[in-house]
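Enquirer: Coordinates for the following, if possible.
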Amino acid sequence: MTTQQQLSLVTLGVADLAVSRRFYSEGLGWSPLLDLDEVVFYQMGAGLALALFPLADLAADVGSPATAGTPFTLARNVESPAEVDEAMARAGAAGAEVLKPAQRAAFGGYHGYFADPDGHRWEICHNPGWSVAEDGTVSLTAVDPDAGSR
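Expert: This next block holds a predicted model:
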């Protein structure tokens, strides 16, 4: 028997839920799936949600210390380099720290990085080798780095 490869929920521990709610909802323009006093959920795709949960509450729930910031990145793929530029500009205007301005990527796409108010790192990327079928299956192919559009 094989285990289903699936991710259903990503929970980010945040220092100040009101600040993070404002950043994601007003700053990035995302619509909450469920917005409660103690947690906010955003639909991120088919069967995938993102939760913002106060760091202290997350530590209590897990039963071990939790710290702000992440040693990983979350990524959002978009349809074009122009959409990367737009998303990066919107994040910066909302108070994100731009870690790497949008630019041509070594793999042949176009991307940039920002950190949200708690230091969670996001990559906004146009990857011409990334596609998603109607059933949600991801296809990923190598891209010629010399064929990039920017």
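Enquirer: Could you check the pLDDT of the nearest residue to residue 127 once chain neighbours are set aside?
Expert: Distances taken as CB to CB, 6 or more residues apart in numbering place residue 109 nearest to residue 127, at 4.2 Å, with adjacent residues excluded. For every residue, glycine as well, the C-beta is placed using N, CA and C. According to the prediction, residue 109 has pLDDT 93.
Enquirer: For residue 109, list the residues it contacts.
Expert: Contact analysis of residue 109 by CB atoms under 8 Å, 6 or more residues apart in numbering lists 125, 126, 127, 128, 129, 143, 148.
Enquirer: Pipe those into TSV and attach neighbour count, secondary structure and pLDDT per row.
Expert: Shown next, in TSV, are these (neighbours: other CB atoms under 10 Å; DSSP: H, G, I helix; E, B strand; the rest coil; pLDDT from 0 to 100):
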residue	neighbour count	secondary structure	pLDDT
125	23	strand	95
126	23	strand	95
127	18	coil	92
128	18	coil	91
129	13	coil	89
143	16	coil	82
148	17	coil	52
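Enquirer: Show me which of those residues is closest to residue 115.
Expert: For these, the closest approach to residue 115 (CB to CB) belongs to residue 125, at 15.6 Å.
Enquirer: Give the bridge partners for residue 113, please.
Expert: Beta-bridge pairing of residue 113 under DSSP bridges involves residue 100, residue 123.
Enquirer: Verify the stated contact: it with residue 76.
Expert: No - counting by CB atoms under 8 Å, residue 113 sits too far from residue 76 to count as a contact (11.2 Å).
Enquirer: shared neighbours of the two, which are they?
Expert: 122, 123, 124.
Enquirer: right, and the last one touches residue 105 too?
Expert: No - contact status for residue 124 versus residue 105: not in contact, 11.1 Å apart, counting by CB under 8 Å.
Enquirer: Paired strands for the helix or strand of the chain with the lowest mean pLDDT, with orientation please.
Expert: Every helix and strand in the chain was compared by mean pLDDT, DSSP states H and E; the lowest is strand 138-140, with a mean of 83. Sheet pairing for strand 138-140, assigned by DSSP bridges, gives strand 130-132 (antiparallel).
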